[in-house]
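**Q** okay, here's the prediction I keep looking at, along with the sequence it came from:
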Amino acid sequence: MSKERVIVLSVVQQHLSKAETARRYQVSWRWVHTLVTRYQTCGWEAVEARSRRPHSNSRAVAAELRERIILLRCELQAAGLDHGPVSIAARLSQEGLRPPAFSTIRRILTAAGLIAPEPKKRPKSSYRRFQADQPNECWQSDFTHWQLADGTGVEIINWLDDHSRYLLASRAYRRITGQIVISTFLTTAERYGLPQSTLTDNGSVYTSRFTGGRNGFEYLLAHLGITQKNGHPGHPQTQGKIERFHQTLKRWLTAQPPAATIAELQTQLDTFADIYNQIRTHHALQGATPAQAYAATIKAAPAGQPGEPHYRVRTDHIDRLGKISLRRAGRMHHLGIGAAHASSAVTILIDPDTVTVIHQHTGEVLSQHLIDPDRSYWRNQHKQPGRWPHPNMNDDSTQI
C-alpha cells in the first residue's frame, strides 16, 4: 500500500485531523488536504503518485527529422561512407536542416538498433594531433593494396595534403615503383604547386636511407629544395592521416561493384576523390570539406622559392641515339645526351634559361643545355657528370 493511500485512510477511516496526520507522516498539511480532496473527488486512482514528466516537450526531435536521421545512416553506410553522428549532422546541415546534438543523434540510432555496443575506446583527450599550418606545407603519401574483380592484386598510390586532408592524387597501378612515385609527384606538383615538405614511410620507393645513398625521389626533392620527412620504422602513427584515409577509401570501394580493370578502378577513384574533397565534411576541420580548407589559406612553398616559380618538370626516356625532344613555345627542339645513356629514364627540369637532364635512378646529372629559341639542336654544356647538388649548395647553374 502506498504512503499516499495510508495518509488518506488515516483521515477518512481513523478520523485523524489533517494536522495530526501531517505530523505523523512528516508531510505538510497542504499535501494531506490535497490527497483527501483527490480521493473525495476522483477516487483512489487520483491518490496514487503521478508522473512528473511533462505532457509535451518543445525540444523533442520531430518524427520527420528522426526518420531522416535513420535513413541517412542507412544510405551512408550502404555507400561505404562515414555514417556516425558527426557525418549525419553534417549531411543534415547540407540539406538545410538543423541537426540535433551528436548525443541526440546517437540516442536515436541506438533506439533504432543501428549502433552496436563497442568496448570503451581510448579517450580523445589522450591523442596528440599534429597538423601543418598551411596547405602545401606538407604532403603525405603512401600506397595501399586492392584487388580487381578476378582477384588480381593492384596498388593505389595517394598524395594527401596534411593541413586540409585534401586528396591531391589517387592513382591505381599494377605495382608501385620508384618511377611511378616520381611521375605522380611531378604531375601533382604541376597542378597544385610544389610542397614545402613530404612525409612518407620508409618504403624503398620513397627512400634509400637504410640501404645507402639516395634514390631518384630523394634526389628530386633535394634539387627542388623540398624537405623530406620519413616516419620512424614500425610506427605508422607518424603518417596517421594517410593511414586513416586508406580506411575511408577501402570502405567506400568495398561498397562499389568490383572493378574488372585498372581503368575501371581509376574511374571509381576519381569519383571518390570528388566525394571526399567536395562533399564529405571532416570533424577535424570544424565541419569544412577538404576542398574548403585547402582553398581557405595561402599555400606554402619550398624554402628559397617564394611565390610561383617559373619552371617545368617532366619525365622521359632517352632514345636509342642518345637524344630527347622537347617542345618549347610551339617549336620542337632536340637535346643530345649521349648514346651511352640510350633508353635511360630521365627527369627533365626546365627553367627560363637552362634545361637539366637527370638520371631517375642514379640521380646523375647527364646533361645541361642552354635554351636558344632560334636553334633546333641544343648542345650538352655539362661535361663533368655528377650527382644532383644538395639544396644548401650555392650553384646558380642548377637552381630553378
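**A** Cool, the structure landed.

**Q** tell me the secondary structure at residue 358.
**A** Using DSSP: H, G, I helix; E, B strand; the rest coil, the structure places residue 358 in strand.

**Q** leaving out sequence neighbours, find the closest residue to it.
**A** residue 347 (5.0 Å; C-beta to C-beta, 6 or more residues apart in numbering). C-beta coordinates here come from the backbone N, C-alpha and C atoms, glycine included.

**Q** residue 225 versus the one you found, what's the distance?
**A** 15 Å (C-beta to C-beta, to the nearest Å).

**Q** repeat for residue 140
**A** From residue 140 to residue 225 the distance is 19 Å (C-beta to C-beta).

**Q** tell me which of these two has more neighbours.
**A** Set residue 140 next to residue 225 and count neighbours by other C-beta atoms under 10 Å: residue 140 wins out with 27 against 18.

**Q** show me what the strand or helix carrying the more buried one is packed up against.
**A** Residue 140 belongs to strand 139-147 when assigned by DSSP states H and E. With contacts taken as 3 or more C-beta pairs under 8 Å, 6 or more residues apart in numbering; DSSP states H and E, strand 139-147 sits against strand 153-161, helix 178-192, strand 197-200, helix 240-254.

**Q** just checking: what are the partner strands of that strand?
**A** With DSSP bridges as the test, strand 139-147 is paired with strand 153-161 (antiparallel), strand 197-200 (parallel).

**Q** for those strands, which one sits closest to residue 113?
**A** strand 153-161 (34.9 Å; C-beta to C-beta).

**Q** residues making contact with that closest one?
**A** 132, 135-136, 138-148, 166-176, 180-181, 184-185, 188, 241-242, 245-246, 249, 262, 265, 269, 290, 294 (C-beta atoms under 8 Å, 6 or more residues apart in numbering).

**Q** same check, this time on stretch 77-93
**A** 65, 68-69, 72-73, 76, 98-100, 102-103, 105-106, 109, 248, 251-256, 275, 280-281, 283, 287.

**Q** let's see which of those end up in strands.
**A** Among those, no member falls in strands (criterion: DSSP state E).

**Q** out of these, list just those in helices.
**A** With DSSP state H as the criterion, helices contain 65, 68-69, 72-73, 76, 102-103, 105-106, 109, 248, 251-254 from among these.

**Q** drop anything exposed from those.
**A** The neighbour count (16 or more other C-beta atoms under 10 Å) marks 65, 68-69, 72-73, 76, 105-106, 109, 248, 252-253 as buried among the ones in helices among the contacts of stretch 77-93.

**Q** as TSV, these with pLDDT and distance to residue 357 would be great.
**A** Output for those, formatted as TSV (pLDDT from 0 to 100; distance: C-beta to C-beta, whole Å):
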residue	pLDDT	distance to residue 357
65	88	63
68	89	60
69	90	59
72	89	55
73	88	56
76	85	50
105	89	58
106	86	59
109	88	59
248	91	40
252	93	41
253	94	39
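
**Q** what's the closest of those to residue 230?
**A** Of those, the one sitting nearest to residue 230 (C-beta to C-beta) turns out to be residue 248, at 23.4 Å.

**Q** isn't the closest one up against residue 275?
**A** No - counting by C-beta atoms under 8 Å, residue 248 sits too far from residue 275 to count as a contact (10.1 Å).
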